[in-house]
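Engineer: need a structure here:
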Amino acid sequence: MKALAVIWLVVFISLMGYGITTVPFPLVADQFGASPFWKSFGGPGVFSTFQLLGMAVWGRLSDAYGRRPVLLVSLAGSVAGYLWLATADSLASLLCARALGGIMSGNLATAMAYASDVTPDENRARSLGIVGSAYGVGFAAGPPLGGWLGDLSASGVSLFWPGIVAATLCALATAGALLALRESLPPELRRPLGVAPAARASQESGTSLRGLNPRMLALLVASLAVGFGSSALQSVFPFWARGEFGLSLRQIGVLFAAMGAMAALSQMLLIGPASQRFGERVVTLGSLLAVLLALVVLPLAQGESGVWAGVLLFGLAIGLFFPASSSLATLEATPDRRGAVLGAINAAGTAGRIAGPALAGPLYFGIGSWTTFAAGGALTILGLLAMQRGYAERTQPVLGD
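Structural biologist: Below is the predicted model of the structure:
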């Protein structure tokens with residue numbers, strides 16, 4: 001529990017830093033003359049694109065050299081990314097700063113692998129839920145603060161103070177990890193870069209991420225769908241909430257905070273009992289249904305009460321989905337491959353978070369706001385179908401002995 005508490009604080013501070021910059025970012029991009037595509041894609045899309053690259057690197061490095069050094073290097077890099085964001089004076093500079101932040105935030109899969117390392121199989125969903133709650137709590141605390149900080153400039157919405165505060169928080173996370181975080185992956189369980197250890201070489205013949213079984217493929221599709229829906233919603237939400245309901249930047253920040261708080265509460269209080277009673281597969285399916293329902297409720301909202309209902313339901317859904325699906329993924333790997341498998345699951349979600357903003361802007365500004373929600377709903381249905389088919393039959397683990 002002590003190790004989980006430390007990793008929880010590291011993830012919380014990191015996600016709070018990201019949450020602080022989320023609300024003002026698309027509006028600052030708009031002030032720099034961004035096109036509809038860059039208004040939606042510039043914040044979450046660029047961040048997620050480079051986060052995907054970071055995950056591919058950090059996850060593999062953490063399997064080879066341990067979780068602690070990867071977390072320390074990437075956290076220090078995040079400090080530089082947020083300082084750059086605070087001082088960016090053009091759209092190109094803004095996007096480059098976001099790209100650097102994305103690469104460094106690819107460490108989140110490593111944090112989940114750390115939690116998996118220190119937890120027995122029977123409690124893994126609960127532990128991943130505890131660590132995952134840091135995502136929700138951090139994101140809940142960040143947006144309202146970011147909405148307030150973004151309004152401090154007399155010349156309009158600004159990222160200066162959000163970036164400075166986010167950099168300070170990441171510096172604190174770096175110091176905390178350096179002082180209090182111990183390594184979780186013993187040297188004998190590490191996997192050197194390049195080739196597999198000789199003791200496992202024969203066992204791994206034909207077992208790689210290229211040889212996905214139906215269950216792993218289903219989890220990847222579901223993660224992509226949820227990532228798409230959440231990022232598409234996030235990227236256009238400030239424009240939609242201001243245009244449809246006249247909400248202020250601070251009110252939008254509060255709504256983002258409520259979504260994050262609901263996600264955190266479901267991860268802290270619900271995922272453990274729900275997984276033990278119904279199993280991770282049922283929880284994953286139920287959360288996908290809740291995502292779909294939220295994407296129906298929001299575009300049909302007639303007032304702020306409808307917006308609140310959709311936002312809270314969406315927060316509940318994603319709070320349950322990520323730890324349940326991550327726990328399912330760990331069952332498909334031996335301990336020395338959990339970093340890679342969790343990296344693959346997070347990479348699929350990140351791919352969705354790339355595609356979501358890329359399509360959301362053109363759909364929202366070119367056709368209508370309803371098309372953004374419809375696209376997310378369609379992919380969620382695809383994720384549900386994939387889960388139903390993938391878990392219809394029992395197959396051998398994709399990465400295991």
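Engineer: same question for the strand or helix carrying A166, mean pLDDT?
Structural biologist: Element membership for A166 (DSSP states H and E) is helix 160-180. Helix 160-180 carries an average pLDDT of 89.
Engineer: now tell me what touches it from outside.
Structural biologist: 6, 9-10, 13-14, 16-18, 20-21, 24, 68, 71-72, 75-76, 78-80, 82-87, 145-146, 149-150, 152-153 (Cβ atoms under 8 Å, 6 or more residues apart in numbering). Every residue, glycine included, has its C-beta placed from N, CA and C.
Engineer: what about burial for these, which qualify?
Structural biologist: Buried residues within the contacts of helix 160-180, defined by neighbour count using 16 or more other Cβ atoms under 10 Å: 6, 9-10, 13-14, 16-18, 20-21, 24, 68, 71-72, 75-76, 78-79, 82-86, 145-146, 149-150.
Engineer: so how far is the longest helix belonging to the chain off the chain centroid?
Structural biologist: What stands out as the longest helix in the chain, according to DSSP state H, is helix 214-245. Helix 214-245 has its C-alpha centroid displaced from the chain centroid by 11 Å (Cα atoms, centre = their mean, to the nearest Å).
Engineer: which secondary structure elements does it sit against?
Structural biologist: When contacts are defined as 3 or more Cβ pairs under 8 Å, 6 or more residues apart in numbering; DSSP states H and E, helix 214-245 packs onto helix 24-31, helix 36-40, helix 249-265, helix 280-297, helix 304-330, helix 338-366, helix 369-390.
Engineer: okay but G315 is in contact with F256, surely?
Structural biologist: No - with contacts defined as Cβ atoms under 8 Å, G315 does not count as touching F256, sitting 9.5 Å away.
Engineer: show me the contacts for P299.
Structural biologist: Counting by Cβ under 8 Å, 6+ apart, P299 touches S369, W370, F373, A374.
Engineer: secondary structure class for it?
Structural biologist: Counting by DSSP: H, G, I helix; E, B strand; the rest coil, the backbone at P299 sits in coil.
Engineer: quick one, phi psi at it?
Structural biologist: When read as degrees, to the nearest 10, the backbone of P299 gives phi -70, psi -20.
Engineer: and for G279?
Structural biologist: phi 90, psi 150.
Engineer: now for the chain, the helix or strand with the poorest mean pLDDT.
Structural biologist: The weakest-scoring helix or strand in the chain, judged by mean pLDDT, DSSP states H and E, is helix 198-201 (a mean of 40).
Engineer: need the helices and strands packed on helix 214-245 in TSV (columns: distance to M55 and mean pLDDT).
Structural biologist: Shown next, in TSV, are those (distance: least, Cβ to Cβ, whole Å; pLDDT from 0 to 100):
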stretch	distance to M55	mean pLDDT
helix 24-31	21	89
helix 36-40	22	88
helix 249-265	20	85
helix 280-297	20	92
helix 304-330	13	88
helix 338-366	5	82
helix 369-390	20	89
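Engineer: I'd like to know which of these lies nearest to V137.
Structural biologist: Closest to V137 of these, according to Cβ to Cβ: helix 249-265, at 4.2 Å.
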